[in-house]
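Participant: Fold the following, please.
(chains A, B and C)
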Amino acid sequence: MTSIDITHAVPPWDGNVAKARQLQSELAARVHLEDDYPPLRHVAGVDVGFEEGGAVTRAAAVLLDSQTLAPIAEVVARQPTRMPYIPGLLSFRELPALLQALSELPQTPDLVFVDGQGVAHPRGLGIAAHLGVVTGLPTIGVAKSILVGTHEEVGPHRGDRQPLEYKGEVIGCVLRSKDGIRPLIVSPGHRVSMATAPELVLAFGRKYRLPEPTRLADRLASRRGTLRR
DNA sequence: GCGACAG
DNA sequence: ATCTTGTCGC
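Facilitator: Reported below is the predicted structural model:
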């Protein structure tokens, strides 16, 4: 894929939380929330896992054919873990490894599904939005739980949803991707609209809670593929 | 000041 | 996220 300047995408961690938050606010102003993605030929799923008790960050990127949802390529990138997990600053910890994995894919994806929040974040820059802004790629955030925001009870069937609100604004949606299963927290990351994000999640999944791109990347990042044990 | 808090 | 077996339910 097109090479990315990993050095400047995320500054080295210096322990300054206030400074990191300031940068997030600046980058959030560059998020584009209108549908502006190309015909979807190849989509990717990315996720991060850890090894060596957390000392090593392991990022996975899976490229899929958007028609068959079959994996076309898989990449795993390892980097020394740079900082601890701090709620709200997840991207500073996981993005560097994620960008490396993404850059090693044989093709640039037309859309990237990221494990985590898109704009459903205190400052509007969850990891999916951050990834979108620094790469320019269309992204969607698919999280398993809420970081911020509240919502009404969601219906029991696949496709049922409720808006996720924060400080009087709709920042995403709580979507039931499978009957009777805990809903997903979906929010656009970049170049995808609030209305389209959940539609794409439903379009790229069916029999599992997570959409296929995210599910495959999840398995690979957690090294829990069919092999292991 | 007291909780909450993506992965 | 990760440490971890069997077990309850669709």
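Participant: isn't residue A:211 right up against residue A:113?
Facilitator: Yes: the pair residue A:211 / residue A:113 is scored as a contact, 5.8 Å apart, by CB atoms under 8 Å. Where C-beta positions appear, they are placed from N, C-alpha and C, glycine not excepted.
Participant: Touching both of those two, which residues are there?
Facilitator: A:45, A:142, A:201, A:204 (CB atoms under 8 Å, 6 or more residues apart in numbering).
Participant: how about the nearest residue to the second one once chain neighbours are set aside, secondary structure?
Facilitator: In this case it means residue A:142. Nearest non-adjacent residue to residue A:142, counting by CB to CB, 6 or more residues apart in numbering: residue A:214, 5.1 Å away. What DSSP: H, G, I helix; E, B strand; the rest coil gives for residue A:214 is helix.
Participant: ok, now residue A:219?
Facilitator: helix.
Participant: what's the nearest residue to it if we skip its chain neighbours?
Facilitator: Counting by CB to CB, 6+ apart, the residue nearest residue A:219 is residue A:225, at 5.1 Å.
Participant: Could you verify my assumption that the one you found touches residue A:218?
Facilitator: No: at 10.2 Å, residue A:225 does not count as touching residue A:218 under the criterion of CB under 8 Å.
Participant: and these two? which has more neighbours close in?
Facilitator: More crowded of residue A:225 and residue A:218, by other CB atoms under 10 Å: residue A:218, with 22 against 11.
Participant: hang on, that one packs against residue A:115?
Facilitator: Yes: contact criterion CB under 8 Å: residue A:218 and residue A:115 qualify, at 6.4 Å.
Participant: Please report the number of neighbouring residues for the residue nearest to residue A:147 when sequence neighbours are not counted.
Facilitator: For residue A:147, ignoring the flanking residues on the chain, the nearest one in space by CB to CB, 6+ apart is residue A:117 at 5.3 Å. When counting by other CB under 10 Å, one arrives at 33 neighbours for residue A:117.
Participant: With DNA strand B as the reference, measure out to residue A:117.
Facilitator: 4 Å (CB to the nearest atom of the strand, to the nearest Å).
Participant: part of a helix, is that residue?
Facilitator: No: under three-state DSSP, residue A:117 sits outside any helix and is assigned coil.
Participant: So, low pLDDT: which residues of chain A?
Facilitator: Along chain A, the parts satisfying pLDDT under 70 run over A:1-7, A:226-229.
Participant: ok, residue A:211 and residue A:113, which is more surrounded?
Facilitator: The neighbour count for residue A:211 versus residue A:113, taken as other CB under 10 Å, is higher for residue A:113 (31 against 24).
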